[in-house]
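> compute the structure for the input listed below.
(one chain, ligands or ions: 1)
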Amino acid sequence: MENKKRYFLRDEEMPTRWYNIQADMLNKPELMLNPETRKPITVEELSKLISYESACQELNTTDRWIDIPQEVLDMYRYYRSTPLVRAYGLEKALGTPAHIYFKNESVSPIGSHKLNSALPQAYYCKKEGCTNITTETGAGQWGCALSYASKVFGLECAVYQVKISYEQKPYRRSVMQAFGAQVTPSPSMSTRAGKDILTKYPNHQGSLGTAISEAVELALTTPGCKYSLGSVMSHVSLHQTIIGLEAELQMQKAGEYPDIVIGCFGGGSNFSGIAFPFMRHNILDGKSTRFVAAEPESCPKLTRGKFCYDFGDESGYTPLMPMYSLGHKFKPANIHAGGLRYHGAGVIVSQLLKDGLMEAVDIEQLKSFEAGLLFAKAEGIVPAPESCHAIAATIQEALKCRDNGDSKTILFCLSGHGLMDMSAYDQYLAGSLGNYTISDEEIDKSIANI
Ligand SMILES: *Cc1c(COP(=O)(O)O)cnc(C)c1O
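Numbering: from 1, shown residues only. Here you go, the predicted structure:
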């Protein structure tokens, strides 16, 4: 086997199907409920909000493989396969006998894995005759991905961006506008939900929950308009399995198989994407790879949340989902890993965690940036603040290997680069960042609200 730095796939080696782990799960995820009727939600009900095809995929527990449409494959070819990289520099910096690999999703045109799902979601909407698509965005990564995907497939895209990030993080807004999207700071006067909030609180700074309410309202009241989500939902995880399916073939080229697979965890899409294709060999072929989700200490739904039915959004518009949650009214601290500030975990990952098929760790904010800078110096890539959590978890495992003289193979997902997040690095380097520990009482109080 070759001992290379980077591994790619040729076009003819590229996966042409996504992997649906729901088909192989012994205990299927519990059913999502319609928030109005409290009965299991149907494809018809779900497809009032999202595309019909996405709704089918969301509830599909029987087909192990789902074909990737040719039009989406053609777009994946603009940036895929993404490189699988052996982190020799990081191994050396740590003095570890472990073999560390990372799957570099930061090379996508928008700088993160999010495009892997934005493309099929926009494509299905177009194919089903929609003209418009809408979503919300906090820090802006998902908004950028959907804006570009909409441009590609000829849809008008309207993004509600949380007002405070619209004002404080103007560059991602500029990127969305560069792709032709209409970006509205939320709350806005353009929806009933926004008007109600602004009438009551004229200086409201916005929240993800409010922005979701506005986007959902727009989708439900505009003919030819669908809503689209960038994480948490099962069809999003399905689309992201392209990451792990490629990694599996690339690891074969390296002559290795991972002992540990690690991803940072917001709503679970990049973690699921890198983990599920390998997890199928644990379920079906007796492999014993460990899967570790790295979440922020300030938003610990996997390590300290409760498994229960909860809403995906603050206002209670989404289906009720059986998942690990901190409560849909939970207000995470304003950490820089904006993509990880989400209260719930998604139904598939929640069931897998409950069944012991995966683990979770929580990472302090300062530790994540320390890890990110070590990685930047060793590998020449400044990671997204979210990805820093996966790197910190990887370093912990690699140091255990060093202490035990153990040469395990570790694979992690580099979900994005941090070049738009340099103000966060500035603050870390200036010593003005802190950690956010939350007490059991705070968690109990938020969970009691469910
Ligand atoms: C959105 C985002 C995340 C978190 O979302 P998941 O669905 O948990 O993957 C992580 N990393 C980056 C770079 C992101 O943009």
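> next up, the contacts around Ser47.
54-55 (C-beta atoms under 8 Å, 6 or more residues apart in numbering). Using the backbone N, CA and C atoms, a C-beta is placed for each residue, glycine as well.
> list the backbone torsions phi and psi for it.
phi -80, psi 0 (degrees, to the nearest 10).
> can you pull the pLDDT of it?
On pLDDT, Ser47 comes in at 96.
> give me the residue from the stretch 1-150 of the chain nearest the ligand.
Closest to the ligand within the stretch 1-150 of the chain is Gln141: 3.5 Å, counting by C-beta to the nearest ligand atom.
> now do the same for that residue: its pLDDT.
So, for Gln141, pLDDT stands at 95.
> what helix or strand is Leu146 located in?
Assigned by DSSP states H and E, Leu146 belongs to helix 141-153.
> gap between that helix and the chain center?
Here the centre of helix 141-153 is set off from its chain's centre by 15 Å, with C-alpha atoms, centre = their mean, to the nearest Å.
> over to stretch 209-221?
The chain centre lies 20 Å from the centre of stretch 209-221; the measure is C-alpha atoms, centre = their mean.
> and the helix or strand where Ile66 lies, which residues are buried?
Secondary-structure assignment from DSSP H and E places Ile66 in strand 65-67. For strand 65-67, the neighbour count (16 or more other C-beta atoms under 10 Å) marks Ile66 as buried.
> helix or strand right after it?
helix 70-76.
> what's the following helix or strand past that next one in contact with?
Using DSSP H and E, the helix or strand that follows helix 70-76 in sequence is strand 84-86. Contact partners of strand 84-86, identified using C-beta under 8 Å, 6+ apart, comprise 3-8, 99-104, 246-247, 250-251, 254, 379.
> hang on, Asn116 packs against Ile242?
Yes: using C-beta atoms under 8 Å, Asn116 is in contact with Ile242, at 5.5 Å.
> who touches both of those two?
76, 273.
> please list the outside residues in contact with stretch 158-168.
So stretch 158-168 is contacted by 132-140, 143, 146-147, 172-173, 176, 181-188, 204-208, 210-212, 214-215, 218, 338 (C-beta under 8 Å, 6+ apart).
> could you dump the helix holding Leu146 to PDB, C-alpha only?
Once non-C-alpha atoms are left out, helix 141-153 reads as follows in PDB (Å, rounded to 0.1, in the frame of the first residue of the first chain):
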ATOM      1  CA  GLN A 141     -23.000  28.600   6.700                       C
ATOM      2  CA  TRP A 142     -26.200  26.900   5.800                       C
ATOM      3  CA  GLY A 143     -27.600  30.000   4.100                       C
ATOM      4  CA  CYS A 144     -24.500  30.300   1.900                       C
ATOM      5  CA  ALA A 145     -24.800  26.600   0.900                       C
ATOM      6  CA  LEU A 146     -28.500  26.900   0.000                       C
ATOM      7  CA  SER A 147     -28.000  30.200  -1.800                       C
ATOM      8  CA  TYR A 148     -25.400  28.700  -4.100                       C
ATOM      9  CA  ALA A 149     -27.400  25.500  -4.600                       C
ATOM     10  CA  SER A 150     -30.500  27.600  -5.500                       C
ATOM     11  CA  LYS A 151     -28.500  29.500  -8.100                       C
ATOM     12  CA  VAL A 152     -27.200  26.300  -9.600                       C
ATOM     13  CA  PHE A 153     -30.700  24.800 -10.100                       C
END
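> helices and strands around it, which ones?
If contacts are counted by 3 or more C-beta pairs under 8 Å, 6 or more residues apart in numbering; DSSP states H and E, helix 141-153 sits against helix 70-76, helix 115-127, strand 132-137, strand 156-162, helix 170-178.
> put the alpha carbons of the fourth one into PDB.
Spelled out, it's strand 156-162. Only the C-alpha atoms of strand 156-162 are listed here, as PDB (Å, rounded to 0.1, in the frame of the first residue of the first chain):
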ATOM      1  CA  GLU A 156     -35.200  32.100  -6.000                       C
ATOM      2  CA  CYS A 157     -33.700  31.800  -2.500                       C
ATOM      3  CA  ALA A 158     -34.900  33.800   0.500                       C
ATOM      4  CA  VAL A 159     -32.800  33.500   3.700                       C
ATOM      5  CA  TYR A 160     -33.900  34.800   7.100                       C
ATOM      6  CA  GLN A 161     -30.700  35.500   9.000                       C
ATOM      7  CA  VAL A 162     -30.800  36.100  12.800                       C
END
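> tell me the strands beside that strand, with direction?
Within its sheet, and counting by DSSP bridges, strand 156-162 is paired with strand 132-137 (parallel), strand 182-186 (parallel).
> and those, which is most packed in?
strand 132-137 (a mean of 27; mean count of other C-beta atoms under 10 Å).
> that one versus helix 141-153: what angle between them?
Angle of strand 132-137 versus helix 141-153, following axes from the mean of the first three to the mean of the last three C-alpha atoms, to 10 degrees, is 160 degrees.
> okay, angle between strand 132-137 and helix 115-127 too, please.
Using the same axes, to 10 degrees: strand 132-137 against helix 115-127 is 150 degrees.
> contacts for strand 132-137 next, please.
Contacts of strand 132-137 (C-beta under 8 Å, 6+ apart): 121-122, 125, 142-144, 146, 150, 155-162, 165, 172, 176, 186, 208, 211-212, 214-215, 218-219, 222, 224-230.
> does that strand reach the ligand?
No: against the ligand, strand 132-137 shows no contacts by C-beta under 6 Å from any ligand atom, the least distance being 9.5 Å.
> begin at 834 from now on, thanks
From this message on, residue numbering opens at 834, which makes the last subject strand 965-970.
> phi, psi of Lys1162?
Taking degrees, to the nearest 10, you get phi -100, psi 0 for the backbone angles of Lys1162.
> right, I mislabeled it, should have said Leu1247
The phi/psi pair for Leu1247 (degrees, to the nearest 10) is phi -90, psi 100.
> isn't it right up against Val940?
No: Leu1247 lies out of contact with Val940 (C-beta under 8 Å); the separation is 9.2 Å.
> more neighbours, those two?
Comparing Leu1247 with Val940 by neighbour count (other C-beta atoms under 10 Å), the higher total belongs to Leu1247, at 31 against 16.
> show me what the more buried one bridges to in the sheet.
Judged by DSSP bridges, the bridge partners of Leu1247 are Asn937.
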